Structure formats: C-alpha cells, structure tokens
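Participant: The sequence isn't on hand, but the structure is:
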C-alpha cells in the first residue's frame, strides 16, 4: 500500500480537516520518475480523494494507477489535467461520483480557486525560414516543449486555421504540419502555436511566398479575398450597403433632387415621405371642430331611424324651415314612399312618443336574443380534456427544436419514455399541441432527469391535428429511484 484517504461516494463533496496517508518507505524510482516524483504522485492522489476526486484511467494524471502508457512508454511528470478523462484503475469504469468521465483540474479549480497560470510551451520553427519561397503542399517543422506536456500544435495561414496535430508526451523532436494542397498561391503569414491543456499558447510567425503573389480574388478560394499585401485572406468581399438617413427638416424638393442622383436607392423613402400623416381626432366633444360634431350627430340620428336636422352654430337660435308652422308637424318629404308617409301619418294620429322609451322597447328583444345565443354557446363548448398520467419510467430520448428548424411550427419538442418509446411520444408546443408549452426551466429539468436516469411520470392531454391524435405534456413528476 502506498497511501490511503477518505472519499465519500454518496456526496463526493470536498471535506475539511481530513488526514490522508502516504507511505514513503514503500515507494521506489522507475518509469522515468525519481523517488521524490513517485512520492509526490501519491501525495497528490490521496489529497485529491479528500476533495471528492476519483481515480483516472490516464497515465499523465496523478489520479492514475498507471506508471506507463498502455504500450509501455513513459508518461512523464503527472499533472491534474484540464481534460475529461475516463475513471478507473486498470481499465475504464463508471465514476464513483456519477458519469463516466471527470475533469480533475476544473473540480479542484472550483474548490480552491485559480492560482498562478503556468507559462506556455516553448516553440521553435525550424522550417521554412522567414521570407522563403515554397512550393504547393510544403510542410512546417516546429519543436515544442512544456513540462506539463504539449496538448496540440496549430497552424494558421493569414489568420485562418488550416492544420492541427496532437501533442505527444516527452516528445523532443519536431512536429510536422502539412499545408493542404488547396491553399492558393500568394504571400502567407504562417502562425504556428503550441498549447498545453490549460489553453496557454505560444506563437511564432513566419512569412513565406507560395507561387506568385495574388493580384485579384480570382485566384483565391471561395470566401477569401486578396488584400493590399497580396495575401489571400478573410471572408468573401461583401457588397457595400449604404443607407440614407433622412434628417427631420429635409425638404421634399431636396429629396427629389437627391433621388435623381441615386434613382434606385431612395424610391421607397420618397414614397413614405410623401404619404399624408393621419390627423388624430380628439376624444372630447368640445375639442372637436363644429363640422365634425355635426357629421357625428347626423350619423347618430340616421342610425336611430330619425330624420336629420341641421344644427345651428353654438350660441345662435335654430332657424326654422320655410313653410313649417310653429309647433306643427313637418310636411312629408316627396322622396318618402307611400308606406313611409302613411306610417308617419299614423304616428301623428297616435301622438308623439318619447324617443328613448321607443328605442329601449325595440332593443329589449334584441338584447334577449343575444343573451340566449351567448348562453347556448357557453353550454355547447366542449369541456376541457382531463389530464392523463403515464406510468413511472425513465426517459429514453429527448428532442428540442429551435425556431430555425423546419418542424418548429408543428412542435417545439418531444420526450420518449422507456416504457412505451416504440409506440408513442409526448410533445409540447407548436400546431400539434397549441397552447401547451413547456418553460425553459422545465426543459432543463427534463434533461437533468434524462442525464441522471431519474424516474419520471408525465401528465398529458390528447390533441388532434389534421385527423392525427397527439399526446401533449402538461406537467411531470420526477422521482429518484
């Protein structure tokens, strides 16, 4: 035994005031490490157990049991890696704290906070030399060294990434990055970067020329341009988009002159500027012009079935029509039909009746009929469908559609349960389940239940769209099995 430390497999939370043991007398040198490095390896592993970390199945991490690679090669000095590594001792297994992988660096960073960032790897480009002329398909040779180990070597040409090779533990020879054959001719600024697992990078730039420098974008790839330095770089040149901003005091005649200079650009803007602005009618009657008041009253009298009368100006007596006796009935209009004249004569014989009571008596049957129609409509509405409940089961699949998906208008997501995944699914949103949406937090809860394999029971209602029945989620209950 080399060491021992407590690890709570139920919570996997870091502990305070915990003692771990590392037995120095049982250590020895080997596998490219000194005795001190072996003891440091054990101390780091047992201390990490106290902070809730499991064993790692990777020989470059101190949480491993492996002294060499699976092929027997050396692993070098061990560091807590900023990578998702498999858990296990001599073979991969599920992690004690859940899942199949763990990131030791990120978990220790959450416990202790950031420390001093280690320096990036050193890099030396041995070929091609700066200012050289190269042939199509040439290679870049670079040496990178880092005590933590080199994670990757990247090649960018004129600011765009074209190649990458993974790092090799304890490699001291040059890495080779081949430039693809489809890279067009021209002046090239080669940025070669070496990075460790903490994304700390060092970069060296070399400028070379392949073939003849470009003069136009005709020799560039789709999405590139030839800039002033004859570099085939960047994305495709976009057509200039010019906007005309219309100041508040710009006169229409000036706009017309400007339009003659640029006929195709400002046609819609001139049309919108010439559109008359609607005048808002004040709500209060006393603020309305007299002509609008007369028109409104005349329309109201016509709706009530009475003849329009001309209103006098405010503060002046109402003039009487010629030939109409004071207090007498007006003569029948020649444009009225015989039936209308007879009805008017009958009303005069019966005597005048209050206009308000006649109007109210005529409205009572209409109001009663409206109430009957509304009551019948309420009684004929179908009752809301009662929600059904699925058996308790785990989630077999989860689908969420974004607005850019072609099926988003039909549904916004669906979930499959293990108990009936071959027969049906349960949806929300869209035309299939109109009015039955799930909030983003509910979708996150479904995903957490799916990831942790918790049991769930869905509440749903049935909805029909174009003759097909769908099950729409209205709620759910998550239980920890």
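Facilitator: Yep, it's here. In this text the structure is predicted, and so the values were computed from the model without any measurement.
Participant: contacts and neighbour counts: CA atoms only from here.
Facilitator: Noted.
Participant: show me what contacts the residue lying closest to residue 32 once chain neighbours are set aside?
Facilitator: Nearest residue to residue 32 in three dimensions, chain neighbours excluded: residue 74, at 6.3 Å (C-alpha to C-alpha, 6 or more residues apart in numbering). By C-alpha atoms under 8 Å, 6 or more residues apart in numbering, residue 74 lies in contact with 31-32, 67-68, 169-170.
Participant: From residue 61, how far off is residue 74?
Facilitator: With distances taken as C-alpha to C-alpha, to the nearest Å, residue 74 is found 13 Å from residue 61.
Participant: Also residue 454?
Facilitator: Distance of residue 454 to residue 61, computed by C-alpha to C-alpha: 32 Å.
Participant: Then residue 477?
Facilitator: 41 Å.
Participant: Looking at these two, which has the bigger crowd around it?
Facilitator: residue 61 (26 against 12; other C-alpha atoms under 10 Å).
Participant: Could you pull up the residues touching that one?
Facilitator: When contacts are counted by C-alpha under 8 Å, 6+ apart, residue 61 touches 78-81.
Participant: For those, which entry has the maximal number of neighbours?
Facilitator: Counting neighbours by other C-alpha under 10 Å, residue 78 leads those with 23 neighbours.
Participant: check contacts around that one.
Facilitator: 41, 59-62, 148.
Participant: Okay, and it sits in which element?
Facilitator: Assessed by DSSP states H and E, residue 78 sits outside every helix and strand.
Participant: tell me the phi and psi of residue 50?
Facilitator: Main-chain torsions, residue 50, degrees, to the nearest 10: phi -70, psi -20.
Participant: And it, how far from residue 104?
Facilitator: Distance of residue 50 to residue 104, computed by C-alpha to C-alpha: 13 Å.
Participant: Which ones among the contacts of residue 78 map onto helices?
Facilitator: Among the contacts of residue 78, the members found in helices (DSSP state H) are residue 41.
Participant: Out of the contacts of residue 78, the closest to residue 429 would be?
Facilitator: residue 61 (46.6 Å; C-alpha to C-alpha).
Participant: ok so, going back, mind checking pLDDT for the residue nearest to residue 32?
Facilitator: Listed pLDDT for residue 74 reads 79.
Participant: Then residue 378?
Facilitator: In this model, residue 378 is scored at 51, pLDDT.
Participant: Likewise for residue 66?
Facilitator: If you check residue 66, the pLDDT there is 87.
Participant: Just give the nearest non-adjacent residue to it, would you?
Facilitator: Among residues not flanking residue 66 along the chain, residue 59 sits closest, at 5.1 Å (C-alpha to C-alpha, 6+ apart).
Participant: Check the contact between the one you found and residue 72; I expect there is one.
Facilitator: No. The pair residue 59 / residue 72 is not scored as a contact, 10.7 Å apart, by C-alpha atoms under 8 Å.
Participant: quick one, which of the two is more surrounded?
Facilitator: Taking neighbours as other C-alpha under 10 Å, residue 59 and residue 72 compare with residue 59 leading, 20 against 9.
Participant: Might you report the residue contacts of the more buried one?
Facilitator: Per C-alpha under 8 Å, 6+ apart, neighbours of residue 59: 65-69, 75, 78.
Participant: out of the contacts of residue 61, who's nearest residue 162?
Facilitator: Nearest to residue 162 out of the contacts of residue 61 is residue 81 (C-alpha to C-alpha; 26.2 Å).
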